[in-house]
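Novice: Quick check, what structure comes out for this input:
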Amino acid sequence: MTADTTQTAAMPGTGKIFALWKKMQEMPLGKRLFSQAVCFKAPYFRTVRPQIKELSPGLCRVTAPNRRGMHNHIGTYHAIASCNMAEVAAGVMTEATVPPTHRWIPAGMTVQYNAKASKGPVTAVTRLEGIPEFGEEKFDLVVPVDVLDANGIAFVTAHITMYISPKKE
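Specialist: Residues are numbered from 1 along each chain as shown. All right, here's what the predicted structure looks like:
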């Protein structure tokens, strides 16, 4: 096969959002402004007041305050607020990982409620075991997310399926 006919996979971490993150994280208040921009693009995320702390292809760490407005009737962090945190982390990580030649959309989420969250801030962490190759085929990417309480206990575990496909020309 010659170089002319070989299909090459698109490179992860080459999209605009990851470039913007790299630029803004070095600026004063850059991470906060980046987080606000994400919430502007997806307004519902604002309900949990997420702050993106770490981002790279295959990794995202997001924190949020454990405030009364996020509590359920028994005074603990609400299950749906936990799902929102999981979706913030998974969505931003996916956007930073998927190359600009491809698109993605959430296709489903499974959630396990493991424990009550302790008092204090909440952190959602997603980490892919390996970065997939982004070729011509459509595929599902299952993104694991742990939502941790202030003691580092994963009180919620989610698996969000992202449908990945090449952009149409």
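Novice: From now on I want contacts and neighbour counts done on CA atoms only, so please keep to that.
Specialist: Will do.
Novice: Which residues belonging to stretch 133-148 are considered buried?
Specialist: Neighbour counts over stretch 133-148 (16 or more other C-alpha atoms under 10 Å) mark 134-135, 139, 141-148 as buried.
Novice: Inside strands: which ones of those?
Specialist: Those of those mapping onto strands are 139, 141-148, per DSSP state E.
Novice: and which of these is nearest to residue 165?
Specialist: Nearest to residue 165 among these, counting by C-alpha to C-alpha, is residue 139 at 6.6 Å.
Novice: tell me, how many neighbours does the closest residue to that closest one other than its chain neighbours end up with?
Specialist: Leaving aside its chain neighbours, residue 139 sits nearest to residue 164 (5.4 Å; criterion: C-alpha to C-alpha, 6 or more residues apart in numbering). Counted with other C-alpha atoms under 10 Å, the neighbours of residue 164 add up to 20.
Novice: Toward the C-terminus, what is the element adjacent to the longest helix along the chain?
Specialist: The helix that spans the most residues within the chain, counting by DSSP state H, is helix 79-97. The helix or strand immediately downstream of helix 79-97 is strand 102-113, counting by DSSP states H and E.
Novice: Which helix or which strand is home to the closest residue to residue 106 other than its chain neighbours?
Specialist: Spatial nearest neighbour of residue 106, excluding adjacent residues (C-alpha to C-alpha, 6+ apart): residue 162 at 4.4 Å. Taking DSSP H and E as the criterion, residue 162 maps to strand 154-166.
Novice: one step back: can you say which two of the buried residues of stretch 133-148 are spatially most distant?
Specialist: Using C-alpha to C-alpha, the two most remote members of those are 135 and 148, lying 33.7 Å apart.
Novice: List just the nearest of the buried residues of stretch 133-148 to residue 84.
Specialist: Nearest to residue 84 out of the buried residues of stretch 133-148 is residue 147 (C-alpha to C-alpha; 10.1 Å).
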